[in-house]
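Participant: Quick one, what's the 3D model for this:
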Amino acid sequence: MKRNKIALAGLALLSVGGITLAGCASGSGDTGEETPTDGASTAVITTNGSEPQNPLLPTHTNETGGGKIVDSIFAGLISYEADGSVVNDVAEEITVDSPTQLTVKIREGLTFTNGEEVTVDNFIKAWNYGALLSNAQNASYFFEDIEGFSWDEDSELTGLKQVDDYTFTITLNKPAADFAQRLGYSAYYPLPDVAFEDMEAFGESPIGNGPYMLASEDAWQHDEGIDLVVNPDYDGPRAAKNGGLNIVFYATQDAAYQDLLAGNVDVLDAIPDSALETFESDLPDRWVNQPAAIFQSLTIPEWQEHFATDEEGRLRRAAISHAINREEITDVIFQGTRTPASDFTSPVIDGWSESLEGGEVLEYDPDLAKELWAQADEISPYSGEDFTISYNADGGHQAWVDAVANSISNTLGITAIGEPYPDFATYLDARDNKQVGAFRSGWQADYPGLYNFLGPLYATGAGSNDGDYSSEEFDSLIAEGISATDPEEANEIFQQAQTVLLTDLPAIPLWYSNVTGGWSETVDNVEFGWNSVPIYSEITKAE
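Facilitator: So this is what the prediction gives:
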């Protein structure tokens, strides 16, 4: 795979084919009688999905159910090809003028599906909305490197300056070596003017500028699915070669898989545990099992009694980690479609290492686990309450959660049990309201860079720091790494930051995921991207 080599010195141009990124797969208007791109199919592709947690706003969507939809109906300055390499989308050219200054020129004549032209103003207003403290957007931290951003009060992004309708500059408050590479993430999508009239209503029926658009104002049927049709006016690298997407929200992965076998689903992006032994024979020449930028972990939040980041908490976290037999679980439960983790990132990302200082805490060692647990009991005896692991039942997690719980119970002599929630949205709400104990956690990269696996999840106050972890040492190293203009130097610092995480274990790394998926006999040109999401726009289907 190619690796990221963004240069921030001199005059670096972000243009088609101009920059190489890391890669191995991530997530209104009148439909008329328009057809897809010349030579394409008009047949609709049916695929699996899950109920989005929030309204479909780019800056508030940070989970895969909503992300799959948002990425289909919006287009950003750049987009990522299957291998993670960058191509311009709305952007005509992005110039990195200095370590803290970028100039963006967008293409003229592009429109949203309501006919409004896409201009620089649509980006500036959308980014300011996403960054504003009082708007409490989940992805607000993606703007924290832009001059004017504030975690303490409502503040304008003064680093965004309009030059003309199609050109603006971005001034950063500190060097961010991978900032240009981030600009394909959904937080940086533009919004039409109508969005700001009623953002909540807009999120229920959004108007975008991407390759697809909602089939009607009520296309999103909650807890059932959403219908997308081709946007005939989209002019970019992701032009659809089919007639649209029917995304069905399944309660379980098993149900989705059975529908694939029955011919009711065209493309499935996750094989359930129950079919891992058979899916390759069930789907001859119609399956994928390839590395992806996905990391799975077990988070024990700071509010969990006995597990604060102090001496007792560190001992108990290390004991839990040593009590988990990752090799056995990935072999037996996942049939080799997972790899035991040796860090907090992904093997497909430049800078990954399997030999970090402190990495031995991820090794299965039941004797050491018992010893560490006993040391923690000397500080404060564990009261015997159940150690619960919360998860969403619609995501195919029960088998591995039960296996992890059994491994912990058998090793430490405590009662560890799974605590299922019916669907992803319900689980996320319970987690966000601190109604859970330990919980299953994971990360599907937003863009192909090491920092994306670290800063958003473990920096103090970060938007996806769901366990409320805070470490001055980690924060300092992360800030130093993201300010380094040399990618190799930055990655070395990020590795140092991970040694802090291996001591504190705010999340316990479990394994890296492969993307496993399949498709029906009626579709062609199925390819899964670096972020594990099918490249829907390229899929064709027999009429």
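Participant: where's residue 346 relative to residue 477, distance?
Facilitator: Distance, residue 346 to residue 477, using C-beta to C-beta, to the nearest Å: 19 Å. C-beta here means a position set from N, CA and C on the backbone, and glycine is covered the same way.
Participant: Compute the number of surrounding residues for residue 382.
Facilitator: Counted with other C-beta atoms under 10 Å, residues neighbouring residue 382 total 16.
Participant: got a list of what the closest residue to it other than its chain neighbours touches?
Facilitator: Sequence neighbours aside, residue 306 is the residue nearest to residue 382 in space, at 6.0 Å (criterion: C-beta to C-beta, 6 or more residues apart in numbering). Going by C-beta atoms under 8 Å, 6 or more residues apart in numbering, residue 306 touches 312-313, 316, 376, 380, 382.
Participant: cutoff 10 Å now
Facilitator: Residues near residue 306 by C-beta atoms under 10 Å, 6 or more residues apart in numbering: 300, 312-313, 315-317, 376-377, 379-383, 385, 387.
Participant: Repeat that for residue 461.
Facilitator: With contact set as C-beta under 10 Å, 6+ apart, residue 461 has these partners: 141, 144, 151, 468, 470, 475.
Participant: Buried members of these into PyMOL, please.
Facilitator: Per 16 or more other C-beta atoms under 10 Å, the buried members of these correspond to this PyMOL selection:
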select buried, resi 141+144+470+475
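Participant: Would you check which pair of the contacts of residue 461 lies furthest apart?
Facilitator: Greatest spatial distance among these (C-beta to C-beta): 144 and 468, at 17.9 Å.
Participant: circling back to that earlier point, next step: the contacts of residue 306 restricted to strands.
Facilitator: residue 387 (DSSP state E).
Participant: Can you say which of the contacts of residue 306 are buried?
Facilitator: Buried residues within the contacts of residue 306, counting neighbours by 16+ other C-beta under 10 Å: 300, 312-313, 315-317, 376, 382, 387.
Participant: For residue 91, state which of these is nearest.
Facilitator: Nearest to residue 91 among the buried ones among the contacts of residue 306, with distances taken as C-beta to C-beta, is residue 300, at 41.5 Å.
Participant: wait, what's in contact with the closest one?
Facilitator: By C-beta under 10 Å, 6+ apart, the contact list for residue 300 reads 306-309, 313, 316-317, 320-321, 387, 389, 437-439, 441, 467, 469, 505-508.
Participant: so where does residue 257 fall, helix or strand?
Facilitator: helix 253-261 (DSSP states H and E).
Participant: buried stuff in that helix?
Facilitator: By neighbour count with 16+ other C-beta under 10 Å, helix 253-261 contains the buried residues 253, 256-260.
Participant: Report the rounded mean pLDDT for the helix or strand following it.
Facilitator: Sequence order places strand 267-268 as the next helix or strand after helix 253-261, per DSSP H and E. When pLDDT is averaged along strand 267-268, the result is 98.
Participant: Check the offset of the next helix or strand after strand 267-268 from the chain's centre.
Facilitator: On the C-terminal side of strand 267-268, the closest following helix or strand by DSSP H and E is helix 279-282. Centroid separation for helix 279-282 versus its chain: 28 Å, with C-alpha atoms, centre = their mean, to the nearest Å.
Participant: show me where pLDDT drops low in the chain?
Facilitator: When residues are selected by pLDDT under 70, those of the chain lie in 1-40.
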